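[1] kindly generate the corresponding structure for this input.
(2 chains)
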Amino acid sequence: MELTLQQATVAARMADVSATFAPGTITAICGPNGAGKSTLLAALAGLLPLDAGSASAAALPANERARRIGFLPQTGEVAWNLSVQALVGLGRLPHGDSAAEPVARALAAVDLTDKAQRPIATLSGGERARALLARVLAGEPQWIFADEPLAALDLAHQRSLLGHLRKAADAGAGVVLVLHDLPLAMNYADQVLVMQGGSLFTHGQPEQALSEQAIADVWKLPARWLGEKGARGLSI
Amino acid sequence: MNRILLLAIAVALPLSLFAGRVWIDPASTPNAPLIVMELRLPRALLALVIGAGLGASGAAMQGYLRNPLADPGLFGIAPGAALGAVCALFLGLGAAVPLFALAGAGGAMALLALIAGRRGSTTLFTLAGMMIASLAGALTSMVISLAPNAFAMSEIVSWLMGALTDRSWPDVVMAVPLTLAGIGVLLLAGRGLDALTLGEQAARSLGVSLGRMRWLLVVGTGLAVGSGVAVAGIVGFVGLIVPHLLRPHTDGRPSALIVPSSLAGALLVLVADMLCRILPLVTELRLGIALSLIGAPFFGWLLLKMRREIV
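    Sure, this is the predicted structure:
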């Protein structure tokens, strides 16, 4: 099942965005602050009322949508001092069960199995970000949507999580990430959407969407890609 | 934890039946069965059910507002119920107090619906509740100030202080089903409250309808707290203290807190009411005052602890 947006508009935040997302791939949404990346992600997940246009996910019944699309917001809010295990278990809510196996698999994927019983307040920022991502994985969704999931992580955990998301995509899941880190998007994504001022600036393969010209146009920076395909770095 | 609380209630309940200004010895006190059956048992049952309603509502309300300082009074339902009861006393309709109080609670809920609408945010909802609470408070003061004579005024003021003196079986018959229904409705909201731990957007992404959950909370709190105010007046702080004390002993999920909070609330009000009767004062200490005397210092301690954590 593909997910689509058609001429989706959210007043003052996003205008006339149409895009199609295919399962089995990793899509990165890039753009400067305030470009509408988070709005695009939430609209695509069917979580925002649109002022015009349509989102295919919004047509699904709420519980069906919740089972198919795991959504990790940017804020990382956790109101109560849950144990890591209880936090990750919240991912099972749409299924109405508390199946232990998916929770254990999710904890293992983010390397937090040994901290399952710890209260969330005792974790470091990076561990907390991983626990929140595990919450999404525990629902075993067909789509994994995450808003800046890697920002708080060290290099090793960034790589290991991207590896995990790649495995999920290879197994058929659709992965959509908001990423600020352009080299990560360049090296790991199959498709990149670049947002600017609430509109879709360009989309396509990473080499094309994140070309030096596009970076100059959108970020107003003279940037040069270095290195080989798959291991590129950005020199500014 | 539920088992420990039930055990404590099982110990405290018989004690409360025999404790009081007059200690009852079943063997020697004249009319002991009559006193226990007609006075003390209904009173103890009311204490349990009111405390249960307040504890459960407090737990749900803190979960909903994601704030440990929230209290069931915040939606303006308890002040609305108090206003209704005060109107009944003002009109000299003492027997109709519970009915008027329930009508007041219902009125506050309707006003909340009118202002916050179907899609209102948590902030709008809370502010609307606070507006209703202060309006009901002002109207209550106005009714007191307009009281026709000093006797009516003192009757109203002392009713507002909250008490379980002289309550009887009809009060129990009214309060028990309404409160239990309210707690049941609050339990239905538990799943949504758990999801809300992650914020409103994440809760929606987990399939939770925030609008539906909000109305479960309003109706549940309205039934549980409204019926409590109807029979006992304003009893504060139970809904604030109890969930806060129990939270560290759960896994932190709001839904895991509702049942223990209702048990602990029941226990707290039962014990507080028993203390009111035992304390050697000229007249009986009012339940609402007793709980506020316990509650306010606790609140202060909570604030001091928060200050230390912030520093």
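[2] contact partners for the closest residue to B:Arg40 other than its chain neighbours?
    Distances taken as Cβ to Cβ, 6 or more residues apart in numbering or on different chains place B:Leu17 nearest to B:Arg40, at 4.8 Å, with adjacent residues excluded. In short, each C-beta sits where N, CA and C put it, glycine included. By Cβ atoms under 8 Å, 6 or more residues apart in numbering or on different chains, the contact set of B:Leu17 is B:24, B:36, B:40-41, B:44.
[3] possible to save these as CSV with secondary structure, neighbour count and pLDDT?
    Listed next are those as CSV, based on DSSP: H, G, I helix; E, B strand; the rest coil; neighbours: other Cβ atoms under 10 Å in any protein chain shown; pLDDT from 0 to 100:
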residue, secondary structure, neighbour count, pLDDT
B:Ile24, coil, 17, 76
B:Val36, helix, 18, 79
B:Arg40, helix, 19, 86
B:Leu41, helix, 16, 90
B:Ala44, helix, 24, 92
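[4] what residues does chain A have near chain B?
    A:42, A:45, A:47, A:62-63, A:65-67, A:69-73, A:75, A:77-83, A:85-87, A:90-91, A:93-94, A:119, A:132, A:135 (Cβ under 8 Å from any Cβ of the partner chain).
[5] follow-up on the earlier one: between all of the contacts of B:Leu17, which two are separated the most?
    Spatially, the most separated pair among those is B:Ile24 and B:Ala44, at 12.5 Å (Cβ to Cβ).
[6] measure A:Leu72 to B:Thr29 for me?
    Using Cβ to Cβ, to the nearest Å, A:Leu72 is found at 66 Å from B:Thr29.
[7] who has more neighbours, those two?
    A:Leu72 (26 against 14; other Cβ atoms under 10 Å in any protein chain shown).
[8] could you pull out the helices in the chain for me?
    All of this is about chain A. A:37-44, A:62-68, A:84-89, A:100-109, A:125-138, A:155-170, A:182-188, A:206-209, A:212-219 (DSSP state H).
[9] was after chain B, sorry
    Using DSSP H, helices in chain B cover B:2-18, B:32-35, B:41-65, B:77-90, B:97-116, B:122-145, B:150-160, B:169-188, B:190-196, B:200-205, B:210-232, B:238-246, B:255-278, B:287-310.
[10] look up how far B:Leu17 lies from B:Glu38.
    Distance from B:Glu38 to B:Leu17, counting by Cβ to Cβ: 12 Å.
[11] name the spans of the chain whose pLDDT lies under the cut-off.
    As the question left the chain open, I've gone with chain A. Across chain A, nothing is flagged by pLDDT under 70.
[12] hmm, no, I was thinking of chain B.
    When residues are selected by pLDDT under 70, those of chain B lie in B:118-120, B:310-311.
[13] what about the closest residue to chain A within it, neighbour count?
    Per Cβ to the nearest Cβ, B:Gly207 is where chain B lies closest to chain A, at 3.1 Å. Using other Cβ under 10 Å, the number of residues around B:Gly207 comes to 23.
[14] and what of the one 3 residues further on?
    Other residues lying near B:Leu210 total 20 when counted by other Cβ under 10 Å.
[15] got it, and A:Gly24?
    Around A:Gly24 there are 13 residues (other Cβ under 10 Å).
[16] before we move on, what about A:Tyr188?
    A:Tyr188: 23 neighbours (other Cβ under 10 Å).
[17] next, count neighbours for the nearest residue to B:Leu275 once chain neighbours are set aside.
    In space, and not counting its chain neighbours, B:Leu275 is closest to B:Ala290: 6.4 Å by Cβ to Cβ, 6+ apart. Neighbours of B:Ala290 under the rule other Cβ under 10 Å: 22.
[18] my guess is B:Ala290 contacts B:Arg277, does it?
    No. Judged on Cβ atoms under 8 Å, B:Ala290 makes no contact with B:Arg277 at a distance of 10.2 Å.
[19] tell me, what residue is most central in chain B?
    B:Leu54 (3.2 Å; Cα atoms, centre = their mean).
[20] please name the nearest non-neighbouring residue to the closest residue to chain B within chain A.
    Scanning chain A for proximity to chain B using Cβ to the nearest Cβ identifies A:Ala66 as nearest, at 3.1 Å. Once flanking residues are discounted, A:Ala66 sits nearest to B:Gly207: 3.1 Å by Cβ to Cβ, 6+ apart.
[21] and the stretch 151-300 of chain B, which of its residues are near chain A?
    So the stretch 151-300 of chain B meets chain A at B:191, B:194-199, B:201-202, B:204-209, B:247, B:251-254 (Cβ under 8 Å from any Cβ).
[22] are any of these buried, and which?
    Buried by 16 or more other Cβ atoms under 10 Å in any protein chain shown: B:191, B:194-199, B:201-202, B:204-208, B:247, B:251-254, out of these.
[23] what count of nearby residues applies to residue 160?
    Looking at chain A here, since you left the chain open. Count around A:Ser160 with other Cβ under 10 Å applied: 16.
[24] try chain B instead
    19.
[25] from B:Phe237, how far off is it?
    In terms of Cβ to Cβ, B:Leu160 sits 15 Å off from B:Phe237.
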